[in-house]
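> Predicted coordinates and the sequence they were generated for:
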Amino acid sequence: MSDDSQKSLWARLSGGQAKQKLLAFASLLALILIFTALKPDAFMTQDNIIGILQSTTVIGVLAIASTFIIITSGIDLSVGVLMTFCAVMSGVFLVNWGLPLPLGVLGAIVVGALTGTVSGLAITRLKVPPFIATLGMMMLLKGVSLLITGARPIYFNDIEGFDQIALGSLIGDIFPALPIPNGVLILFVVAAVCAVILNRTALGRYTFALGSNEEAVRLSGVDVNRWKVIIYAFSGGICGVAGLLIASRLNSAQPALGQGYELDAIAAVVIGGTSLSGGVGTILGTIIGAFIMSVLINGLRIMSVAQEWQMVLTGLIIILAVYTDNLRRAKK
Amino acid sequence: MSDDSQKSLWARLSGGQAKQKLLAFASLLALILIFTALKPDAFMTQDNIIGILQSTTVIGVLAIASTFIIITSGIDLSVGVLMTFCAVMSGVFLVNWGLPLPLGVLGAIVVGALTGTVSGLAITRLKVPPFIATLGMMMLLKGVSLLITGARPIYFNDIEGFDQIALGSLIGDIFPALPIPNGVLILFVVAAVCAVILNRTALGRYTFALGSNEEAVRLSGVDVNRWKVIIYAFSGGICGVAGLLIASRLNSAQPALGQGYELDAIAAVVIGGTSLSGGVGTILGTIIGAFIMSVLINGLRIMSVAQEWQMVLTGLIIILAVYTDNLRRAKK
Amino acid sequence: MTALIAVKNLSKSFPGVKALQDVQFDLQAGEVHALMGENGAGKSTLMKILAGVYTRDSGEVLLDGAPVEITSPAHAQSLAIGIIHQELYLMQHLTAAQNIFLGREPKGRMGLFLDEDQLNRDTQALFDRMHLPLPPQTRIGDLTVAAQQMVEIAKALSFKSRVLIMDEPTAALNNAEIEELFRIIRQLKSEGVGIVYISHKMDEIQRIADRITVMRDGRYIDTVPAQTPMAEIIAMMVGRKLEASQKTIPDTSANEVLLEVRGLNRGRAIRDVSFTVRRGEILGFAGLMGAGRTEVARAVFGADAIDSGEVRVHGKLLALKAPRDAVQAGIGYLSEDRKHFGLATGMDVESNITLPSLSRWLKWGMFLNRPAIHTVGQEMVDKLRIKTPSLTQVARLLSGGNQQKVVIAKWLVQDCDVLIFDEPTRGIDVGAKSEIYKLVNDLAAQGKAIIVISSELPEVLHLSHRILVMCEGRVTGEVSGLEATQEGLMALATRRESQEAVLH
Amino acid sequence: QEIYIPLISKGFQHQFWQAVKQGADQAAKDYKVKVTFEGPETEQQVDKQIDMLSAALAKNPKAIGLAALDSKAAIPLLKKAQAAKIPVIAFDSGVDSDIVLTTAQTDSKAAAALAADKMAEKIGGKGEVAVIGHDQTSTTGTNRRDGFVDQIKAKYPNIKVVDIQYGGGDHLKSAEIAKTLVQAHPQLKGIFGTNEGSAIGAGKGLKEAKKTGVVIIGFDSGKAQKDMINDGTIAGAITQNPVGIGYKTVEAAVKALKGEKLPKIIDTGFYYYDKSNMADPKIAAVLYD
Ligand SMILES: Nc1ncnc2c1ncn2[C@@H]1O[C@H](COP(=O)(O)OP(=O)(O)OP(=O)(O)O)[C@@H](O)[C@H]1O
Ligand SMILES: Nc1ncnc2c1ncn2[C@@H]1O[C@H](COP(=O)(O)OP(=O)(O)OP(=O)(O)O)[C@@H](O)[C@H]1O
Ligand SMILES: [Mg+2]
Ligand SMILES: [Mg+2]
């Protein structure tokens, strides 16, 4: 019985593939060990670890948003630009309109959800494939962000407490020895909430079902279009959180930022064991995938590897990470 | 009988979906008419038309390369960067090694094919999904191009005739009133050859078959892996042609260029009616799709539409183009 | 008495196909109404209209005598119309329980979270009622086709429908499971449920049906009582008389051994399987669902990696790394799951037919010889009477039975020495079935070695010269085709090592 | 122990940044220190630059050079550097903070204003001109654009800036833009290309369109641009002193470590060059291939 309940704890965390995730975790550990061995004094310092955590927040949250979409066997190329759009809109709410902070935060998330809804409607009503619908949205949102801001960043300097969203440290206030920034906390809270939603709610169930066999879902009498829109809206809302994180971190909304982030996010998701053909995936895996990416990049920088070689190695390691993930699966 | 042979001419050109393609052609015409009406003196001039043709060459050739991959239900995110890599390698062959022009041209295409082979092997042997394999290749090749060139362009100034590949005009030499650049000629020759290969050869047949049901093809005794590698190699070779075109046009190999071109190419392919889920597609459609994109961008520029609005409109039109394509299909 | 559900003058066309023309049909409460007709007669189309999958072009649908417009599967469910589709529509990555209750998940506290325990309990209760020894948490992807079919049936039952449509529910089932299904059907009948039963298996129809409606080429032919002699019904279906073929078993003992399999092992699914097939011989494989027959066929064909064993064709050892090796050695394999493994569903009929043999239809090793492809495609369409508007019709749009014929055609064209037919007549109508039997016999007479895997014992008995019986991955017996009886085969098929049933 | 000074730039793939790197490497050799040079792939990736800065700080550097993409975003990390007593030298563009000891930079607005003056001179003080920008959000991109446009507005009422389009510094895109510019504005007299790729693209585009009589003023150098200036496609260009920027940055860092006092700004200067003065040793020294 105790064995059983332990299993279910793991299952809860990992969506029932505990062993595989443990192994994915192992490759993350391996990376960390290698870099620690090569540059002990620079890599394994508190500052650098916090730096790694911090640098994973935005991509991590975007990757979580993408995980839902990818499990439905869709894809969202607009997440990076949507994040920026939400950041810009929070700037509009807080700086231009002078709304109070909580409203601005809420507003950014709502904007994300609404934009996600639009993508979802384009996919379900206009029957445009997700790749194209979100590619179109990517271009469109980039233009809109630039239009809204007049291609100039919006600065949050006068918004009391805005930079604390990502940079403050609630944990550090309580345990001064652990100055973990709030952004990292937010990443893990979003991850935990999303893991529960994915595995324990109807939304999560339909996410998997849609990715597994959409026609079967339709024939089961489920309103496929409605749920798809909801999933894209939900994912958009998470992009809103990412927008707040990056805006708070930079204390500004940079209207031209964000393109290209979707590829990093998707890479993290796939490295984390979520299948691009849908039906399979976990949030824990995605988080591990995001950390594999950021540890890799940080480690290469710490070792002062030339930037060209960083690109070559990142490319290689993305391929190899997914390859070893396949190996693990095959062995199972 | 004559009716029948006419039908088969269309079928030959369009892969049996003559009507649909005619309609896709109609939306291209509509765009052209709109811009002509709005800016008759600037849009419908010989110079501008040649400009549009010229600006479609590189994306058009890349889109043809992508068409094969997308019909197999794969995707290739590396086409843009691969084009650059081939351009760089032709620089190495011609400028650094001083090989004769034909060898350099051939070399670039062979390099493209070899790199395509590597992607194909990553996909078939390592079982990495195409999205990830080519994403990895994209990063890797970008790094390699920068390493090879030392992040500096290679100039072809001393290579007699190199700029004639894209910029000279064989047609113009014969009919001075029609100074159509060779690049455009090459685009159409590549398109014609590829249309024949897609519809009339075993390679084309397997391209469709793989996209339709890979497992069924494997169980038919076809060496699926081998054909996939061949298709990626073939597509890579076409990227080599694109690399030559861009290098010739710029008279230099720019190592940092190319990323982002893959999305334009994919958009053109999908606007042209090729399905991202595989099994369906035509070269003629892709060419029309590429022209829709370039006419749109050219027209907006001619009308001095602000860049932000260009982005918004392009995004919208990509979505709408695919939507109307769906409508057409549904009506059929 | 007003009918539970009735249709009048119903018509439906697809591009290039008039699937239904002026069809009528009615179903009373508490009856089993069989719907019969050749492949492509329009049975599934009619039922899909009732289930809200397709919308009709014209005509009327009456529910309890009142006209209704059934707009979606969800709407059909709300009208208490349930359907078991001919093709399996299941989510491979979800568990059996999750599949069955998709869209109707029990919610726990606060109505926010799913109550997974309740879900599994409900499913277990359902399975218990069906005597189905399957854990509710099993992933569908890990089940055999037969077990998946049982899950589909469970799902349809879970709706507590007043109208229950069963479109070839037994195509993948063995006798024991069919018995179970019939028990359930009788029970539902007594509860006043009206059941539409579609099957190509005549004996089932006679046992379970009350009335029979026959369709042909999208038209309504007649509705008759179930007591009507089968020959008459078949004549209505096919529009002609069928000649019953006589079984003769040629002596092939002196012929060359074409296929020899020695000591084949693959995990628990195949354990030390050896057999030979001679030129001109038809070897039958009998067994219960999950016995491992498909596994053996796939292993011999190189589709799955094996742990150990040897396969020889013409005495030559095969490398068997991929199906290609087997095909080149002259083996053809007709999969039991045509949708996933048999057809390139997005390609047209002639492309599918020439897929394995494509290299034969090339000029200069590269260019397609289109006229030749066309000719051979037409030949096959004529020979197997494949019902298709043209050779360039997309395979996905053919009816199930005609798809199966396309798969057969592609191996006939390839001209193999050894042909493995895995459930060759699954979903095939009586007319076509007898044609396929004739074909199998002809192929054997031409000197091919043939393996027939079938879950229909009469089929195995009718076709085979020699029968191997499998249970739990082992060969449990071999009987000559003349001596074999259904009872004898069943005894061998249930000779288990352990008492535990291996279902997944 | 070796003195390590990381330089975080705004980019690394462009010729300009490679030239800065070259200057930095030279200074590193001269002063016997170790430098590394890295920057994000595009000038929009503010947060990636912050990550780079964070990793650089983890390497226990003795000093840091920074070309901030957004001067405010880097401040929290710069404060950390200040607390650790790591001197920070800004280059290319400044940081709004007194944490940085000095800034080695070009005055982009003034440089672009000079381009405007030269343009006005070449087209005779009146007519239509257009700008092909390389970026619509980064400081250099906007400063060069605004410096040019403002100068035209302020000093040349008869010149009209009819269009501003952005090619992202991509040669091909800039060439397409140039071609459509001359289509859309047949009266166009001049084009200002705000960086190397934009200028070369403008030249390419006009060559392909066989359009003559349009004056192109470029920015920065590079072999292709120099060739085009030589053959008259481009009238002339503004050059900064990227090698000097790199050199001065490292030099300033070394001086700061020795405790020397530094000026607030190290202006590395800019020059207008054309066919006539390209061989001038003072100019030739700041041009790169
Ligand atoms: N979605 C579709 N598009 C085009 N044609 C279709 C479609 N579905 C069915 N058809 C055609 O309609 C006809 C009737 O098909 P249907 O599936 O109803 O036959 P059936 O009687 O169920 O046959 P079987 O016994 O083989 O299952 C066939 O000719 C088939 O090819
Ligand atoms: N995809 C699969 N994944 C896991 N196990 C499988 C899979 N397919 C079959 N099996 C298992 O392999 C064994 C043999 O199944 P197989 O399908 O070969 O039986 P069969 O005799 O052909 O029965 P059927 O009538 O169902 O086709 C069974 O234990 C089955 O559960
Ligand atoms: Mg049917
Ligand atoms: Mg089987």
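Done, it's in. Residues are numbered from 1 along each chain as shown, chains lettered A, B, ... in the order given. Ligands and ions are numbered 1, 2, ... in the order given.
> Output the below-cut-off pLDDT ranges for the chain.
With no chain named, the answer covers chain A. A:1-24, A:328-332 (pLDDT under 70).
> please go with chain D instead
Using pLDDT under 70, the flagged stretches of chain D are D:1.
> interface residues of it facing chain B?
Counting by CB under 8 Å from any CB of the partner chain, the residues of chain D close to chain B are D:12-15, D:18, D:136, D:162-163, D:165-166, D:170-172, D:175-177, D:179-181, D:183-186, D:200, D:204, D:208-209, D:222-224, D:227, D:289. (Glycine included, C-beta is placed from N, CA and C.)
> and if we set it to 7 Å?
Chain D comes close to chain B at residues D:12-15, D:18, D:136, D:163, D:165-166, D:170-172, D:176-177, D:179-180, D:183-184, D:204, D:208-209, D:223-224, D:227, as judged by CB under 7 Å from any CB of the partner chain.
> near chain A, which of these show up?
Restricting these to those adjacent to chain A (criterion: CB under 7 Å from any CB) gives D:12, D:136.
> from the residues of chain D next to chain B, which ones fall inside helices?
D:15, D:18, D:171-172, D:176-177, D:179-180, D:183-184, D:204, D:208, D:223-224, D:227 (DSSP state H).
> Most neighbours among the residues you listed, which one?
residue D:179 (29 neighbours; other CB atoms under 10 Å in any protein chain shown).
> check contacts around it.
By CB atoms under 7 Å, 6 or more residues apart in numbering or on different chains, the residues touching residue D:179 are B:51, D:205, D:208-209.
> For chain D, which segments count as strands?
According to DSSP state E, chain D carries its strands in the segments D:4-8, D:34-38, D:64-66, D:88-92, D:100-105, D:127-133, D:159-166, D:188-193, D:215-219, D:236-240, D:265-267, D:270-274.
> can you list those in a markdown table and add mean neighbour count?
Formatted as a markdown table, these follow (neighbours: other CB atoms under 10 Å in any protein chain shown):
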| stretch | mean neighbour count |
| --- | --- |
| strand D:4-8 | 25 |
| strand D:34-38 | 21 |
| strand D:64-66 | 28 |
| strand D:88-92 | 27 |
| strand D:100-105 | 24 |
| strand D:127-133 | 24 |
| strand D:159-166 | 20 |
| strand D:188-193 | 27 |
| strand D:215-219 | 28 |
| strand D:236-240 | 26 |
| strand D:265-267 | 16 |
| strand D:270-274 | 19 |
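> could those strands be laid out in CSV, adding distance to residue A:197?
Supplementary listing: these in CSV, determined by distance: least, CB to CB, whole Å:
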stretch, distance to residue A:197
strand D:4-8, 39
strand D:34-38, 39
strand D:64-66, 41
strand D:88-92, 44
strand D:100-105, 45
strand D:127-133, 44
strand D:159-166, 41
strand D:188-193, 51
strand D:215-219, 51
strand D:236-240, 53
strand D:265-267, 54
strand D:270-274, 56
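> Columns distance to ligand 2 on top of those, output as CSV?
As requested, these are exported to CSV (distance: least, CB to the nearest ligand atom, whole Å):
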stretch, distance to ligand 2
strand D:4-8, 53
strand D:34-38, 49
strand D:64-66, 57
strand D:88-92, 60
strand D:100-105, 64
strand D:127-133, 58
strand D:159-166, 54
strand D:188-193, 61
strand D:215-219, 63
strand D:236-240, 66
strand D:265-267, 70
strand D:270-274, 70
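> looking at those, which is closest to ligand 4?
Minimum separation from ligand 4 across these (CB to the ion) falls at strand D:34-38, 59.3 Å.
> by contact count, what packs against that closest one?
Applying 3 or more CB pairs under 7 Å, 6 or more residues apart in numbering or on different chains; DSSP states H and E, one finds that strand D:34-38 contacts strand D:4-8, helix D:15-31.
> got CSV for those, with distance to residue D:195 too?
Putting the helices and strands packed on strand D:34-38 into CSV (distance: least, CB to CB, whole Å) gives the following:
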stretch, distance to residue D:195
strand D:4-8, 20
helix D:15-31, 7
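> can you put the ones you listed in a markdown table and add distance to ligand 1?
Formatted as a markdown table, the helices and strands packed on strand D:34-38 follow (distance: least, CB to the nearest ligand atom, whole Å):
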| stretch | distance to ligand 1 |
| --- | --- |
| strand D:4-8 | 60 |
| helix D:15-31 | 58 |
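> buried set for stretch C:477-484?
Buried residues in stretch C:477-484, counting neighbours by 16 or more other CB atoms under 10 Å in any protein chain shown, are found at C:477, C:479, C:481, C:484.
> any idea which of the contacts of residue D:179 has the most stuff around it?
Counting by other CB under 10 Å, top hit in the contacts of residue D:179: residue D:205 with 31 neighbours.
> how about the nearest residue to that one, chain neighbours excluded?
Nearest residue to residue D:205, sequence neighbours excluded (CB to CB, 6 or more residues apart in numbering or on different chains): residue D:178, at 2.8 Å.
> how many neighbours does the one you found have?
By other CB under 10 Å, the residues close to residue D:178 number 32.
> Residue D:84 now?
A count of nearby residues for residue D:84, using other CB under 10 Å, gives 11.
> so who does it touch?
Residue D:84 neighbours (CB under 7 Å, 6+ apart): none.
> what about the spatially most central residue of chain D, distance to residue C:121?
Chain D has residue D:140 as the residue nearest its centroid, 6.2 Å off, counting by CA atoms, centre = their mean. Applying CB to CB, to the nearest Å, the value for residue D:140 to residue C:121 is 67 Å.
> ok, the residue nearest to residue D:166 when sequence neighbours are not counted - contacts?
Closest residue in space to residue D:166, ignoring its immediate chain neighbours: residue D:133 at 4.5 Å, by CB to CB, 6+ apart. By CB under 7 Å, 6+ apart, the contact list for residue D:133 reads D:141, D:145, D:164, D:166, D:194, D:198.
> please redo it, this time with the cut-off set to 6 Å
D:141, D:145, D:166, D:194 (CB atoms under 6 Å, 6 or more residues apart in numbering or on different chains).
> Near the second one, how many other residues are there?
Applying other CB under 10 Å, we find 24 residues neighbouring residue D:145.
> quick one: it from residue D:111, how far?
12 Å.
> cool, and the third one?
Noted for residue D:166: a distance of 19 Å to residue D:111, by CB to CB.
> Can you classify residue 215 by secondary structure?
In the absence of a named chain, chain A is used. helix (DSSP: H, G, I helix; E, B strand; the rest coil).
> you looked at the wrong chain, it should be chain C
Following three-state DSSP, the label given to residue C:215 is strand.
> which ones are touching the nearest residue to it once chain neighbours are set aside?
In space, and not counting its chain neighbours, residue C:215 is closest to residue C:37: 3.8 Å by CB to CB, 6+ apart. By CB under 6 Å, 6+ apart, the contact list for residue C:37 reads C:43, C:215-216, C:237.
> nearest to residue D:3, of these?
Closest approach between those and residue D:3, by CB to CB: residue C:43, at 85.1 Å.
> Number of residues surrounding that closest one?
The number of residues near residue C:43, taken as other CB under 10 Å, comes to 29.
> residues contacting residue C:367?
Contacts for residue C:367 (CB under 6 Å, 6+ apart) come out as B:200-201.
> how close does it get to ligand 3?
Distance, residue C:367 to ligand 3, using CB to the ion, to the nearest Å: 38 Å.
> Now do the same for that residue: its pLDDT.
pLDDT recorded at residue C:367 is 89.
> Please report the distance of residue D:167 from residue D:180.
11 Å.
> What of residue C:106?
Distance of residue C:106 to residue D:180, computed by CB to CB: 62 Å.
> that older thread, please identify which of the buried residues of stretch C:477-484 is nearest to chain B.
Among the buried residues of stretch C:477-484, residue C:481 lies closest to chain B (CB to the nearest CB), at 28.2 Å.
> The closest one contacts residue C:249, correct?
Yes - when contacts are counted by CB atoms under 6 Å, residue C:481 is listed as touching residue C:249 (5.4 Å).
> which residues do those two both contact?
With CB under 6 Å, 6+ apart, residue C:481 and residue C:249 have common neighbours residue C:465.
> Helices along the stretch 151-300 of chain A, start to end?
Ranges of helices within the stretch 151-300 of chain A are A:164-167, A:170-174, A:182-200, A:202-212, A:214-219, A:224-250, A:261-271, A:283-302, based on DSSP state H, counting those that start in this stretch.
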